[in-house]
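K.L.:
Here is a sequence together with a model predicted from it:
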Amino acid sequence: MSHGLTFSVSCGALYLFFKWLEDRKRSSLLLFAAVFALLILIRPFLLLLGLYFLIIGISRSGGLRAFVEMLKPQSVSIAMAVGIVVIMLIPQLLYYKQTLGHWSLNAYESDEKFFFTM
């Protein structure tokens, strides 16, 4: 079930990111931040997808210097986007800390194995 949901939310994040690169509107960036935070909540490993967005942003802007110059006027919007991501992640992190005693959960850490026998 989570694979289909992850695909759908990833498509939404990609769409909103490219839309933000084109129109540079605050609403596109904030929606992207909310969808990206949802994606991280579904599968925390997809936090690494942020590197993809960073690399695409740099290449679409014409280099690192141009990308930084493009981000400077939008510093308030970027701070708001980071705030949205943090606000959306805090309840899950607090839940993990309360129930597990750790800030994260490794869903793949178990004694389950595949047995290939005939």
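P.N.:
It's in.
K.L.:
CA only for contacts and neighbour counts going forward, please
P.N.:
Will do.
K.L.:
Would you tell me which helix is longest in this protein?
P.N.:
When the chain is parsed with DSSP state H, its longest helix is helix 75-100.
K.L.:
Mind giving me the packing neighbours of that one?
P.N.:
Helix 75-100 is packed against helix 26-42, with contacts defined by 3 or more Cα pairs under 8 Å, 6 or more residues apart in numbering; DSSP states H and E.
K.L.:
Tell me how far the residue nearest the centre of the chain lies from Gly12.
P.N.:
Taking Cα atoms, centre = their mean, the centroid of the chain lies closest to Phe36, which sits 3.5 Å from it. Distance from Phe36 to Gly12, counting by Cα to Cα, to the nearest Å: 9 Å.
K.L.:
Please apply the same query to Val85.
P.N.:
Val85 is 16 Å from Gly12, by Cα to Cα.
K.L.:
Look at the two and report which has more neighbours.
P.N.:
Remark: of Val85 and Gly12, Val85 carries more neighbours, 20 against 16, as counted by other Cα atoms under 10 Å.
K.L.:
residues in contact with that one?
P.N.:
Val85 makes contacts with Ala33, Ala34, Phe36, Ala37, as judged by Cα atoms under 8 Å, 6 or more residues apart in numbering.
K.L.:
Could you check how many residues crowd around the second one?
P.N.:
Spelled out, it's Ala34. 20.
K.L.:
wait, isn't Ser61 in contact with Phe67?
P.N.:
Yes. Ser61 sits in contact with Phe67 when judged by Cα atoms under 8 Å, with a separation of 5.3 Å.
K.L.:
The helix or strand harbouring Tyr52 packs against which elements?
P.N.:
Assigned by DSSP states H and E, Tyr52 falls within helix 49-61. In terms of contacts (3+ Cα pairs under 8 Å, 6+ apart), helix 49-61 is packed against helix 64-71.
K.L.:
in the helix it packs on, what's buried?
P.N.:
Buried residues in helix 64-71, counted by 16 or more other Cα atoms under 10 Å: Phe67, Met70.
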